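[1] Structure for this input, please:
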Amino acid sequence: MRTLYTGLAWTVAGAVVVQAAAIAFAFSGMLNLVSEGGVVDKALLEGFQAAGVGEAGFLVHGLVGGVVIPLVAVALLIVSFFVRERGSTMWAAIVLGLVALQVTLGFSVTDLPYLGLVHGANALAVVAAASVAALRMRRSRGESATEEATSRAVAA
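    Predicted coordinates for the structure are as follows:
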């Protein structure tokens, strides 16, 4: 279970990195479209017919951020109940809470564009919390192995 927990935590952190790459790709493609004489307007955004480089980045950003990361964060919390390691459930809950905030900010950004600043900063918090959750498992696994080796040596 510890390995699954660690893997899920690293998956959340890695997926956020994919998010950053996808949105950077999308905006680069959008800039390329404009530099070649294209126009970004409401019709383009609602029609999903940009057919330019980077358009898939918006789709990847939306799917990974709206579906994949929340599902993995929920799975992390569920697995944390079976890990039986001090702090695992707390860190999984922190990750899930930050992910819920991130999704809320992502859907609210169209109404309040300045929330994009918080959305980007919160992404860093999600990566940090997921990384701490994963690293705490590695550290506790090392301590358990040391204690077990010590107890075997004493018994011998």
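[2] And the next helix or strand past the helix or strand where residue 61 lies?
    Assigned by DSSP states H and E, residue 61 falls within helix 55-63. With elements assigned by DSSP H and E, the helix or strand that comes after helix 55-63 is helix 69-83.
[3] Residues in contact with that following helix: which ones?
    If you take C-beta atoms under 8 Å, 6 or more residues apart in numbering as the criterion, helix 69-83 is touched by 1-2, 4-5, 8-9, 11-12, 15-16, 19, 88-89, 91-93, 95-96, 99-100, 102-103, 126, 130, 133, 137. (Glycine included, C-beta is placed from N, CA and C.)
[4] same deal with stretch 99-113?
    Outside stretch 99-113, the residues touching it (C-beta under 8 Å, 6+ apart) are 12, 65-66, 69-70, 73, 115-116, 118-119, 122-123, 126.
[5] which of those lies closest to residue 25?
    residue 65 (14.0 Å; C-beta to C-beta).
[6] Report the rounded mean pLDDT for stretch 2-21.
    Taken as a whole, stretch 2-21 has a mean pLDDT of 94.
[7] May I see the buried residues of it?
    Within stretch 2-21, the residues that count as buried by 16 or more other C-beta atoms under 10 Å are 2, 5, 6, 8, 9, 10, 11, 12, 13, 15, 16, 19.
[8] Helices of this structure, start to end?
    Taking DSSP state H, the helices of the chain run over residues 2-35, 42-47, 55-63, 69-83, 88-108, 115-155.
[9] Low-confidence bits of this structure, can you list those?
    45, 47-52, 140-156 (pLDDT under 70).
[10] give me that answer again for 90
    Applying pLDDT under 90 to the chain flags the ranges 1, 26-27, 29-59, 84-85, 110, 137-156.
[11] So what's the residue count around the residue lying closest to residue 29 once chain neighbours are set aside?
    In space, and not counting its chain neighbours, residue 29 is closest to residue 54: 1.6 Å by C-beta to C-beta, 6 or more residues apart in numbering. Residue 54 is flanked by 19 other residues according to other C-beta atoms under 10 Å.
[12] Relative to residue 61, how far out is residue 54?
    The spacing between residue 54 and residue 61, counted by C-beta to C-beta, to the nearest Å, is 11 Å.
[13] Determine the residues that are contacts of both of those two.
    Joint contacts of residue 54 and residue 61 (C-beta under 8 Å, 6+ apart) are residue 26.
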